[in-house]
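Participant: Sequence first, predicted coordinates after that:
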Amino acid sequence: DAMVIQNPRYQVTQFGKPVTLSCSQTLNHNVMYWYQQKSSQAPKLLFHYYDKDFNNEADTPDNFQSRRPNTSFCFLDIRSPGLGDAAMYLCATSRGLDSNQPQHFGDGTRLSIL
Amino acid sequence: AQSVTQLGSHVSVSEGALVLLRCNYSSSVPPYLFWYVQYPNQGLQLLLKYTTGATLVKGINGFEAEFKKSETSFHLTKPSAHMSDAAEYFCAVSDRYNNNDMRFGAGTRLTVKP
């Protein structure tokens, strides 16, 4: 089945130690998104790629970076994680940027900071 | 900019009872509307969406929602709750004239009692 896969499902890192989360998709979608979701809150968009074009949300901290080496893969890099960065990170894809396109989500990576 | 308000952060129903999850939107233009479901430790899954045409939209798992422009609402219903419906439900709105600007509500946690 075509899908969005996130690895790992659970990630533990130390305060200030860089961490990378990965996302892959078999849907061949043009757009890939990264969301941060804290407990009992709505997902918050961090940034997205439309093909190789990177679009950062205005309030996304500089600590968060992303890479998309090809259509299938997208990475979220957190350069110096703080305690406030503990959250579920969701990757999503969509066929295009048209507003009527639904987003397809992976199961997320739950990040804990020690 | 558009926004979504979900009335009731927690809803509890008995198995077999009607499910009603409320969503009101604010948008200066006709919106696109979505309902997503999130099971514990999983990503969001699209239940249904409204873009144009028929205002009563049927989705997966027996859910449906009705777009009511006069009430700026898009409430989600299911005639008979099942234990497996227990999850977090998110309403989302996007601006049909502004690509890639989907806004999620804060979510409603549905509990189903036996």
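Facilitator: Structure's in. What do you need? Since the structure is predicted, the reported quantities are computational estimates derived from the model, not experimental observations.

Participant: make it CA atoms for all contacts and neighbour counts henceforth
Facilitator: OK.

Participant: hey, which helix or strand in chain B has the poorest pLDDT?
Facilitator: strand B:103-104 (a mean of 90; mean pLDDT, DSSP states H and E).

Participant: Contacts (any at all) between chain A and that one?
Facilitator: Yes: residues of strand B:103-104 contacting chain A under Cα under 8 Å from any Cα of the partner chain: B:Phe104.

Participant: centre of the chain versus that strand, how much separation?
Facilitator: The chain centre lies 11 Å from the centre of strand B:103-104; the measure is Cα atoms, centre = their mean, to the nearest Å.

Participant: Check which helices and strands it sits against.
Facilitator: Packed against strand B:103-104, as judged by 3 or more Cα pairs under 8 Å, 6 or more residues apart in numbering or on different chains; DSSP states H and E, are the following elements: strand B:3-7, strand B:87-95.

Participant: Partner strands of the longest one and their direction?
Facilitator: Based on DSSP bridges, the strands next to strand B:87-95 in the sheet, each with its direction, are strand B:31-38 (antiparallel), strand B:103-104 (antiparallel), strand B:108-113 (antiparallel).

Participant: How about the residues of chain A by chain B?
Facilitator: A:40-43, A:90, A:97-100, A:102-108.

Participant: Just the buried ones from the residues you listed?
Facilitator: A:42-43, A:90, A:97-100, A:102-108 (16 or more other Cα atoms under 10 Å in any protein chain shown).

Participant: Just those residues: which are in strands?
Facilitator: A:Leu90, A:His104, A:Phe105 (DSSP state E).

Participant: Spell out which residues sit in contact with the residue in chain A that chain B sits nearest to, please.
Facilitator: Per Cα to the nearest Cα, A:Asp107 is where chain A lies closest to chain B, at 4.0 Å. Neighbouring residues of A:Asp107 by Cα atoms under 8 Å, 6 or more residues apart in numbering or on different chains: A:Val4, A:Ile5, A:Gln6, A:Arg9, A:Leu90, B:Asn41, B:Gln42, B:Gly43, B:Leu44.

Participant: For the last one, give its distance to A:Pro43.
Facilitator: Just to be clear, that refers to B:Leu44. Separation of B:Leu44 from A:Pro43 (Cα to Cα, to the nearest Å): 9 Å.

Participant: The fourth one too?
Facilitator: Distance of A:Arg9 to A:Pro43, given as Cα to Cα: 17 Å.

Participant: State the helix or strand in which the most centrally placed residue in chain A lies.
Facilitator: For chain A, the residue nearest the mean C-alpha position is A:Trp34 (2.8 Å; Cα atoms, centre = their mean). Using DSSP states H and E, the secondary-structure element containing A:Trp34 is strand A:31-37.

Participant: need the residues of chain B near chain A, please.
Facilitator: Within reach of chain A by Cα under 8 Å from any Cα, chain B has these residues: B:32, B:34, B:41-46, B:49, B:51, B:90, B:94-102, B:104-107.

Participant: So how do I select the buried members of those residues in ChimeraX?
Facilitator: Listed next is the ChimeraX selection for buried residues among the residues of chain B next to chain A, using 16+ other Cα under 10 Å:
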select /B:32,34,42,43,44,45,46,49,51,90,94,95,96,100,101,102,104,105,106,107
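
Participant: rewinding a little: export the strands paired with strand B:87-95 as CSV, with columns for distance to B:Tyr25.
Facilitator: Shown next, in CSV, are those (distance: least, Cα to Cα, whole Å):
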stretch, distance to B:Tyr25
strand B:31-38, 9
strand B:103-104, 10
strand B:108-113, 15
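
Participant: Skip the chain neighbours and tell me the closest residue to A:Leu21.
Facilitator: A:Leu76 (5.1 Å; Cα to Cα, 6 or more residues apart in numbering or on different chains).
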